[in-house]
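A.B. asks: Sharing a model that was predicted from the sequence below.
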Amino acid sequence: MERTDSLAAPDPARLQASAELQQSIHAEIDASGGWISFARYMELALYAPGLGYYAAAPGVLGAWGGSSDFVTAPELGPLFAATLARQLAQVGRAEALPLLVEFGAGSGRLACDLLTALAALDWLPQTYAIVEVSAAMRARQQQAVATLAPELARRVQWWDALPERFDALVVGNEVLDAMPVQLLARDAHGWHERGVARSPDGALAWADGAAVVAPRSTMAQLPVGSVTETHGAAQAFIATLAERLGRGLALFVDYGFPAAEYDHPQRSGGTLRCHRAHRAHDDPLWQPGLSDITAHVDFSGVAHAARAGGLQLLGYTSQARFLLNCGLLDVLRDALLRLPGGVAAPSDRAGVQLAASVQKLVNENEMGELFKVIALGRGIAAPLAGFASGDRSAALD
Ligand SMILES: C[S@@+](CC[C@H](N)C(=O)[O-])C[C@H]1O[C@@H](n2cnc3c(N)ncnc32)[C@H](O)[C@@H]1O
């Protein structure tokens, strides 16, 4: 974790935008009697129109270097999407589902690479619908999709709201971790909701509010002095999806754990992290709007919200196991064979990049083990290749 004072200063326009955002957060704190929940603070810091991190800075995720702050699996290269496409095509074909919905599409890279890979597998959805909360990210996605072949680009639509009922394949990569979380702090008397107030000099400051009942029984494992998160927005999102998804399969990929691991005493500091310029820091109140703020996903809570809404838990495993089950190594071989030098020239720059992306996707010290894939669905009879071995669904009970 980096100290915030070791991070490079952003350009003056972004600093000015952060100062404006801070003013509006101050105003909301004052209007709310001097305190707002951390979930509300996080919502403003990430999504306040025109000023929040995702609302104002569409360059936030992308390849290393440039102006990006962090890299996600689809941004590492085309192999993540090409492998995920195999699972989607398997179920889309077997279940005759003509719609694919992506939540939180970021730069649009996953949408473009998925459509390209699905076309190569000879199964394309009639419609690829993107649901994206940030207008700036949506504009970036539209630019990316415009570079696709017209036959693919014409399938893509942006939805402003979810239909009341839809049958579909659903995907979301690193979207649950970007939803606002509540912060809870434990003292000798119990748990209190930690929120944001103003210090005597007017700056943003932490302030503990009302006593709350711990929503996860596993939180009893955490000692006095612990801070952790609860995931009201992510669970409400899954509840809405469960209500509206008719027949379909939803796959969410993200970093996180089952509740018992989430609340392991060694994780007593919680999982809240901020990212800027490919470095992590732990002060979400510093220069709001200029760093990503994220928390790990409580996959037990996701499974519970889904089941409560009538969805089935169809699988839960590590990203490494899911991708290998779906044939990541065959996908790599095919991609190497398509290079000008063929698989005999894996030391070519392009070959090395492909191999390096596989290493990052599956290595247990990189994304392979911390990232998980959860499959939720209704009315799906097709077996899911991605969970054929190493399914850990029982860990979410
Ligand atoms: C961490 S980025 C991940 C982007 C992309 N999926 C990727 O893997 O590169 C999170 C994305 O989710 C969007 N987002 C957050 N909450 C959302 C919600 N409730 N519905 C739709 N999009 C959301 C953000 O604006 C952003 O585009």
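C.D. replies: That came through fine. Residues are numbered from 1 along each chain as shown.

A.B. asks: Just confirm residue 129 contacts residue 161, I think it does.
C.D. replies: No. Contact criterion C-beta atoms under 8 Å: residue 129 and residue 161 do not qualify, at 11.0 Å. The way it works is simple: take the backbone N, C-alpha and C, and place the C-beta from them, glycine included.

A.B. asks: Between those two, which has more neighbouring residues?
C.D. replies: residue 129 (22 against 6; other C-beta atoms under 10 Å).

A.B. asks: Against residue 156, how distant is that one?
C.D. replies: 8 Å (C-beta to C-beta, to the nearest Å).

A.B. asks: Same check on residue 69?
C.D. replies: 25 Å.

A.B. asks: So which of the two has more stuff around it?
C.D. replies: More crowded of residue 69 and residue 156, by other C-beta under 10 Å: residue 156, with 24 against 19.

A.B. asks: my guess is that one meets residue 125, correct?
C.D. replies: No. Residue 156 is not in contact with residue 125 according to C-beta under 8 Å; the separation is 9.9 Å.

A.B. asks: List the buried residues of stretch 156-175.
C.D. replies: 156, 162, 166, 168, 169, 170, 171, 172, 173, 174, 175 (16 or more other C-beta atoms under 10 Å).

A.B. asks: Actually, stretch 213-227.
C.D. replies: For stretch 213-227, using 16+ other C-beta under 10 Å, the buried residues are 214, 215, 216, 218, 219, 221, 222, 226, 227.

A.B. asks: again, but for stretch 32-50
C.D. replies: 35-48.

A.B. asks: try stretch 264-282
C.D. replies: For stretch 264-282, burial by neighbour count (16+ other C-beta under 10 Å) applies to 267, 268, 270, 271, 272, 273, 274, 275, 276, 277, 279, 281.

A.B. asks: Stretch 245-260 now?
C.D. replies: Buried, per 16+ other C-beta under 10 Å, within stretch 245-260: 245, 248-259.

A.B. asks: and the longest strand for the chain?
C.D. replies: What stands out as the longest strand in the chain, according to DSSP state E, is strand 245-257.

A.B. asks: What helices and strands are in contact with that strand?
C.D. replies: Packing partners of strand 245-257 (3 or more C-beta pairs under 8 Å, 6 or more residues apart in numbering; DSSP states H and E): helix 79-95, strand 166-173, strand 297-298, helix 299-308, strand 371-378.

A.B. asks: Which one, of these, ends up nearest to the ligand?
C.D. replies: Proximity of the helices and strands packed on strand 245-257 to the ligand was assessed by C-beta to the nearest ligand atom; the nearest stretch is strand 166-173, lying at 3.7 Å.

A.B. asks: in the helix or strand following the closest one, what counts as buried?
C.D. replies: Of the helices and strands lying after strand 166-173 in sequence (DSSP states H and E), the nearest is strand 182-187. For strand 182-187, the neighbour count (16+ other C-beta under 10 Å) marks 182, 183, 184, 185, 186 as buried.

A.B. asks: OK, contacts around the closest residue to the third one other than its chain neighbours?
C.D. replies: Pointing back at residue 184 there. Leaving aside its chain neighbours, residue 184 sits nearest to residue 191 (4.9 Å; criterion: C-beta to C-beta, 6 or more residues apart in numbering). Neighbouring residues of residue 191 by C-beta atoms under 8 Å, 6 or more residues apart in numbering: 184, 185, 211, 212, 213, 214, 219.

A.B. asks: Each with direction, which strands does the helix or strand where residue 191 lies pair with?
C.D. replies: Per DSSP H and E: residue 191 is located in strand 190-198. With DSSP bridges as the test, strand 190-198 is paired with strand 36-37 (antiparallel), strand 182-187 (antiparallel), strand 204-212 (antiparallel).

A.B. asks: okay if I get those strands as CSV plus mean pLDDT and distance to the ligand?
C.D. replies: Below are those laid out as CSV (pLDDT from 0 to 100; distance: least, C-beta to the nearest ligand atom, whole Å):
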stretch, mean pLDDT, distance to the ligand
strand 36-37, 98, 17
strand 182-187, 98, 16
strand 204-212, 95, 22
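
A.B. asks: Please tabulate these in JSON lines, including the columns distance to residue 150.
C.D. replies: Formatted as JSON lines, these follow (distance: least, C-beta to C-beta, whole Å):
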{"stretch": "strand 36-37", "distance to residue 150": "46"}
{"stretch": "strand 182-187", "distance to residue 150": "45"}
{"stretch": "strand 204-212", "distance to residue 150": "48"}
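
A.B. asks: Quick check: beta-bridge partners of residue 378?
C.D. replies: Residue 378 has these beta-bridge partners by DSSP bridges: residue 248.

A.B. asks: my guess is it contacts residue 311, does it?
C.D. replies: Yes. Contact status for residue 378 versus residue 311: in contact at 5.5 Å, counting by C-beta under 8 Å.

A.B. asks: so what's the spatially most central residue of the chain scoring on pLDDT?
C.D. replies: The centre of the chain sits closest to residue 174, judged by C-alpha atoms, centre = their mean, with a distance of 1.5 Å. Note on residue 174: pLDDT of 97.

A.B. asks: Leaving out the residues flanking it, which one is nearest to it?
C.D. replies: residue 72 (5.1 Å).

A.B. asks: which stretches of the stretch 1-150 of the chain have low pLDDT?
C.D. replies: Within the stretch 1-150 of the chain, the segments meeting pLDDT under 70 span 1-9, 57-68.

A.B. asks: about what we covered before: ok now the strand holding residue 191, how far from the chain's centre?
C.D. replies: Remark: strand 190-198 is offset 25 Å from the chain centroid, using C-alpha atoms, centre = their mean, to the nearest Å.

A.B. asks: Use 75 as the first number from now on
C.D. replies: Renumbered: residue one is now 75, and that last one reads strand 264-272.

A.B. asks: Send me the helix or strand containing residue 406 as PDB with only the CA atoms.
C.D. replies: Assigned by DSSP H and E, residue 406 belongs to helix 402-411. Backbone C-alpha positions of helix 402-411 (Å, rounded to 0.1, in the frame of the first residue of the first chain) are rendered in PDB as follows:
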ATOM      1  CA  LEU A 402      -8.000 -21.300 -21.700                       C
ATOM      2  CA  LEU A 403      -5.000 -23.300 -22.800                       C
ATOM      3  CA  ASP A 404      -6.600 -24.300 -26.100                       C
ATOM      4  CA  VAL A 405      -7.600 -20.700 -26.600                       C
ATOM      5  CA  LEU A 406      -3.900 -19.700 -26.000                       C
ATOM      6  CA  ARG A 407      -2.600 -22.400 -28.400                       C
ATOM      7  CA  ASP A 408      -5.000 -21.200 -31.200                       C
ATOM      8  CA  ALA A 409      -4.100 -17.600 -30.600                       C
ATOM      9  CA  LEU A 410      -0.300 -18.500 -30.900                       C
ATOM     10  CA  LEU A 411      -1.000 -20.500 -34.000                       C
END
